[in-house]
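Student: Return atomic coordinates for the entry below.
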Amino acid sequence: MALPDALPAPRVPDPMTAPSLRWGILGTGWIADKFTQALQAHTRQKVVAVGSRSQSGADRFAQRFDLPAAVGSYDDLVQRDDVDVIYVATPHNHHHEDALRAIGAGKHVLVEKPIALNAAQARDIAAAAARADVMAMEALWTMFLPKFDIVRQLLANGVLGRIHTVFADHGQHFEGDHRILRRDLAGGPTLDLLTYPVAFANWVLGAPREVLARTTWTPNGEVTGQTSVLLMQDDGAQAMLHSSVLSRTPTAAAICGEDAMIAFDPDFYVPAGFTVSDNAGASLRHDEPEVAHTGGLHYQAAQLAWCIAAGERSCTIRPLEESIQTMVILDEARRQIGEIYPEEQ
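Tutor: From the prediction side, this is the model:
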C-alpha cells in the first residue's frame, strides 16, 4: 500500500471542552504535581482537594496550587462529598489499596500507571469498580496523546501492511536513594519504565503467545537494573523491548510493517514527532512541541471526564482489559527473572 498524501489529523477533542469534574489528588509526589499543573493549565477540571499522609504535606501541596481543601488522611479525602473522582498518585505498591479505598467510597478513580503490582491486583480493582458502578482507568498518559491517535488511524487503515516487528526502549540513569532504586517501593525498571514499552507493544500486536525475559540486577542486588523482553506472537510477529535504571538509553520506538515503518523520536512515550516511511523511500513527518508531562497529562483526565459524562464505565482508548494484559506480561517477565515484591511474599 502506498503512503497517503498526508497524515490524518488527530481526532482528540480539545480537553477544554470536557465536562468539568471535581478531582481529589491522593498523594503529593512528583507525578501528582505535574498532573495538577496540567489540569489547571489545559482543562476546566476542578482540583478541589488533596490528601496526604500528613496534614503538613497536604497543606504545602494545596498552597502551591491554591486548592480549596487539604486533608492529612487518604480516608478523609475519598469520603468528601465535593469530590467526584480520585487521582491515585501514591507509590506503585500502594495503588491497589488506594484505588480500592476510593472505589469503596463510591468515587471514580484514575490510577497512575502501573495500575497495580500484578494482574491479580489489577483484576481486583476492575471487579470492585464494576460492583460499585464507577469508572476505573489506568493513567497511562501515552495512549491518550494526539500523536498516538494519528498512529491509531494509520494502523486501522493498514498503511504499514502486516506488522512484523515492534521495538521500544526506555532507560534513565538514577543514583542515590531515588524511589526507583528502593525495593520497599517496588522499584526497578519493570513497573516504572518497562510498562511503557510493554503496553505499547501489546497495543500494537495484542496479547503474545510467548514471553522471554532476562535481567541484570543493580550492583547492590536491591532491584533489577535493566531488563530485556521478547514477545512472540502467533503470527510470527515479535516485539523487542528494553528498560534500564542504570543508564540513559535512546528511549525510541518503531513499528515495522511489510509496507512501511513508523519511527518515533525520543522520547517515544511523550509528546514528540515521528516519521512514516515506505519501502520506496517516501516519507511523511509529524512534528509537535515536546512539552512533556505538564503539556500532556491532561488528555487522559479529559477522556475520563467524557466517559463519565456519557455514563460509560470503560474507556476504549485504554480499557482495563489492556491494563490487565500489560500486567500479565510483566508478571511473566518477573517470574522468569525472579523479581518478587515484598507485598507478594
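Student: can you give me the strands for the stretch 101-250 of the chain?
Tutor: For the stretch 101-250 of the chain, strands defined by DSSP state E, counting those that start in this stretch occupy the ranges 108-112, 136-139, 163-171, 210-217, 224-232, 238-244.
Student: Show residues contacting stretch 241-250.
Tutor: Contact with stretch 241-250 is made by 166-174, 180-181, 187-190, 192-194, 196-198, 201, 216, 218, 223, 225-231, 266, as judged by C-beta atoms under 8 Å, 6 or more residues apart in numbering. For glycine as for every other residue, the C-beta is placed from the backbone atoms N, C-alpha and C.
Student: Could you export the strands of the stretch 101-250 of the chain as JSON lines, including mean pLDDT, mean neighbour count and distance to P13?
Tutor: Below are the strands of the stretch 101-250 of the chain laid out as JSON lines (pLDDT from 0 to 100; neighbours: other C-beta atoms under 10 Å; distance: least, C-beta to C-beta, whole Å):
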{"stretch": "strand 108-112", "mean pLDDT": "98", "mean neighbour count": "27", "distance to P13": "18"}
{"stretch": "strand 136-139", "mean pLDDT": "98", "mean neighbour count": "28", "distance to P13": "17"}
{"stretch": "strand 163-171", "mean pLDDT": "98", "mean neighbour count": "21", "distance to P13": "27"}
{"stretch": "strand 210-217", "mean pLDDT": "98", "mean neighbour count": "16", "distance to P13": "36"}
{"stretch": "strand 224-232", "mean pLDDT": "98", "mean neighbour count": "22", "distance to P13": "33"}
{"stretch": "strand 238-244", "mean pLDDT": "98", "mean neighbour count": "23", "distance to P13": "31"}
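Student: Let me have the ones you listed in TSV, extended by distance to L26.
Tutor: TSV is the format used below for those (distance: least, C-beta to C-beta, whole Å):
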stretch	distance to L26
strand 108-112	9
strand 136-139	12
strand 163-171	25
strand 210-217	31
strand 224-232	27
strand 238-244	26
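Student: Please name whichever of those is nearest to D124.
Tutor: strand 136-139 (10.6 Å; C-beta to C-beta).
Student: For the helix or strand hosting Q63, name the packing helices and strands.
Tutor: Assessed by DSSP states H and E, Q63 sits inside helix 55-65. Using 3 or more C-beta pairs under 8 Å, 6 or more residues apart in numbering; DSSP states H and E, the elements in contact with helix 55-65 are helix 30-42, strand 46-51, strand 69-71.
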